[in-house]
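> This is a predicted model, with the sequence first.
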There are 2 protein chains.
Amino acid sequence: MRPSRRDELVSQALKIFYKNGFTATGMDFLVKETGISKTSMYKYFRSKDELILAVLRLRDEQFRNWFFRRAEELSSEPEDEVLAFFDVLKEWFEGEGFQGCMFIKAVAEFQQPDDPIYQQSLQHKKLIEGELFKKIQKTGVGAPESLTQQLMLLMEGAIVLAQMGVSARAAEDARDAARILLASALSATGDKD
Amino acid sequence: MRPSRRDELVSQALKIFYKNGFTATGMDFLVKETGISKTSMYKYFRSKDELILAVLRLRDEQFRNWFFRRAEELSSEPEDEVLAFFDVLKEWFEGEGFQGCMFIKAVAEFQQPDDPIYQQSLQHKKLIEGELFKKIQKTGVGAPESLTQQLMLLMEGAIVLAQMGVSARAAEDARDAARILLASALSATGDKD
DNA sequence: GACAAAATGTACCGATCTGTACACTATCAT
DNA sequence: ATGATAGTGTACAGATCGGTACATTTTGTC
């Protein structure tokens, strides 16, 4: 099954929105860059917002697949994998064209909580959190919820600081912190055993 | 000295941009909301971007003043103050109209690193980092740079997760993590003494 | 009251925005 | 070859965008 013209539009729009922003990118610009006629675009999607939603769906799927698959490749034991998340973050930050998290940026432009774009961005973070939680559970730590939240904080913080160029070592610093927090959580577990 | 019409514009534009976003807010909308004529606006500022820069300057000053002053109020000893930052974050998150960090959102809409709006947002984070570093130094911890970066990660992560509504306890979770990281850094210092 | 400064209202510019109408062409299975 | 399907190009509507021109009114000061 060759990629449909529709899928082509979504994947190209993803790159353009990611680089230029959602509101700042007009439909005419998408036409010029993708070579796909506006008539076709509006046959695939009823509105620009629906195109954005499709882009976010694709991004969510692509990112989660890549992120967790890559973390598994870089590790063997559960505890390694939890820390490997931060190595994957580092790869992401240093990869070509890194411009921050698309969902954080989407929320910055579509701020109303009842906006479907906002909701879908929130859902993405919830899915990440869910997968992270499962991995942390496997380490046998006593309070997986708490550690999950702490590592989520480090990950999101690293994304923001890396995007803004505040810190060039955001992923490494986050990994260092995660190691300490993981050790602390594990030793607290041990105390109770 | 009563507040000039210009200052009024900046402070009102701040609220509106914060709520609605920068690009999504048109100058005509600012006219309608503030009652200040567009002619006057363009006499105070040469362009919308310059108005945005003035808004960001005001926000930077207001926020840093409030944040660090409030942290001092809530604490007595240096170690308390470092943790008090997260109590202040909590107050911010739970305050009326909290909608995330204006500078993170600014960077999401003005992504080019050579854009003055981007640069000013980056500078804001650097100033926060600098003040945090000074406070951490006062605790006598051995590696203040490292702890500063770690706490920055927690703070930025908390802001993002609180804004997106991913976590309702972002500030508390960040405080818990900060306490562990601070203790870890202090004990490492003690080892070397 | 006179005069300058500050602010206003209104109307507009050209460009761009999302979205649509309509006629046309390429593709492909039957 | 025919006819359905998918896609294109162009032109446009109506609104809004950032920004300006110009004449007018308000305000504060001497």
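Structure's in. What do you need?

> contacts and neighbour counts: CA atoms only from here.
OK.

> mind saving the C-alpha coords of stretch A:107-126 as PDB?
The C-alpha coordinates for stretch A:107-126 follow below in PDB (Å, rounded to 0.1, in the frame of the first residue of the first chain):
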ATOM      1  CA  VAL A 107      -0.900  24.000  24.000                       C
ATOM      2  CA  ALA A 108       0.900  27.400  23.900                       C
ATOM      3  CA  GLU A 109      -1.100  28.300  20.800                       C
ATOM      4  CA  PHE A 110      -4.400  26.700  21.600                       C
ATOM      5  CA  GLN A 111      -4.800  27.400  25.300                       C
ATOM      6  CA  GLN A 112      -8.500  26.800  25.900                       C
ATOM      7  CA  PRO A 113      -8.800  23.500  27.800                       C
ATOM      8  CA  ASP A 114     -11.900  22.500  25.800                       C
ATOM      9  CA  ASP A 115     -10.000  22.900  22.500                       C
ATOM     10  CA  PRO A 116      -9.600  19.500  20.900                       C
ATOM     11  CA  ILE A 117      -6.000  20.400  20.100                       C
ATOM     12  CA  TYR A 118      -5.300  21.100  23.800                       C
ATOM     13  CA  GLN A 119      -7.000  17.900  24.800                       C
ATOM     14  CA  GLN A 120      -5.100  15.800  22.400                       C
ATOM     15  CA  SER A 121      -1.800  17.300  23.600                       C
ATOM     16  CA  LEU A 122      -2.800  16.500  27.100                       C
ATOM     17  CA  GLN A 123      -3.600  13.000  26.100                       C
ATOM     18  CA  HIS A 124      -0.200  12.500  24.600                       C
ATOM     19  CA  LYS A 125       1.500  13.400  27.900                       C
ATOM     20  CA  LYS A 126      -0.800  11.100  29.700                       C
END
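
> hmm, that stretch in reach of chain B?
Yes: under the criterion of Cα under 8 Å from any Cα of the partner chain, chain B is reached by stretch A:107-126 at A:107-109, A:111, A:122, A:125-126.

> What is the burial count for the nearest residue to residue A:100 once chain neighbours are set aside?
Leaving aside its chain neighbours, residue A:100 sits nearest to residue A:163 (4.8 Å; criterion: Cα to Cα, 6 or more residues apart in numbering or on different chains). Neighbour count of residue A:163, defined by other Cα atoms under 10 Å in any protein chain shown: 23.

> residues in contact with residue A:163?
By Cα atoms under 8 Å, 6 or more residues apart in numbering or on different chains, residue A:163 lies in contact with A:93, A:98-100.

> Isn't residue A:51 up against residue A:45?
Yes: applying Cα atoms under 8 Å, one finds residue A:51 in contact with residue A:45, separated by 5.8 Å.

> So between those two, which is more surrounded?
Shown here are residue A:51 and residue A:45; by other Cα under 10 Å, residue A:51 has more neighbours (19 against 15).

> what about the helix or strand hosting the more buried one and DNA strand C, touching?
Assigning secondary structure by DSSP states H and E places residue A:51 in helix A:48-73. Yes: Helix A:48-73 reaches DNA strand C (Cα under 7 Å from any atom of the strand) through A:48-49.

> How about residues contacting the helix or strand following that helix?
Downstream of helix A:48-73, the next assigned helix or strand under DSSP H and E is helix A:78-94. With Cα under 8 Å, 6+ apart as the contact definition, helix A:78-94 has outside contacts at A:67-68, A:70-72, A:74-75, A:98, A:100, A:132, A:135-136, A:138-139, A:155, A:159, A:162-163, A:171-172, A:174-175, A:178-179.

> Out of these, which sit inside strands?
Among the contacts of helix A:78-94, DSSP state E puts none in strands.

> Which of these fall in helices?
A:67-68, A:70-72, A:132, A:135-136, A:138, A:155, A:159, A:162-163, A:171-172, A:174-175, A:178-179 (DSSP state H).

> List only those of those flagged as buried.
For the ones in helices among the contacts of helix A:78-94, a neighbour count by 16 or more other Cα atoms under 10 Å in any protein chain shown gives the buried set as A:67-68, A:70-72, A:132, A:135-136, A:155, A:159, A:162-163, A:171-172, A:174-175, A:178-179.

> ok, residue A:167 touching residue A:161?
Yes: look at residue A:167 against residue A:161 with Cα under 8 Å: they come within range, at 5.7 Å.

> Give me the more crowded residue out of the two.
Neighbour comparison, residue A:167 and residue A:161: the larger count goes to residue A:161, with 25 against 18 (by other Cα under 10 Å).

> who touches that one in this structure?
A:167, A:170, B:153, B:156.

> At the contact with DNA strand C, which residues of chain A appear?
A:23-29, A:38-39, A:42, A:46-49.

> can you do 6 Å?
A:23, A:25-28, A:38-39, A:42, A:46-48 (Cα under 6 Å from any atom of the strand).

> Buried ones from the residues you listed, can you make that a PyMOL selection?
Here is the PyMOL command that selects only those of the residues of chain A next to DNA strand C that count as buried (16+ other Cα under 10 Å):
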select buried, chain A and resi 23+27
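
> In the residues of chain A next to DNA strand C, find the pair that's most separated.
Using Cα to Cα, the residues of chain A next to DNA strand C span at most 20.0 Å, a distance reached by A:23 and A:39.

> in chain A, which segments are predicted with low confidence?
A:1-3, A:190-193 (pLDDT under 70).

> mind redoing it with 90?
Residue ranges of chain A with pLDDT under 90: A:1-5, A:75-81, A:187-193.
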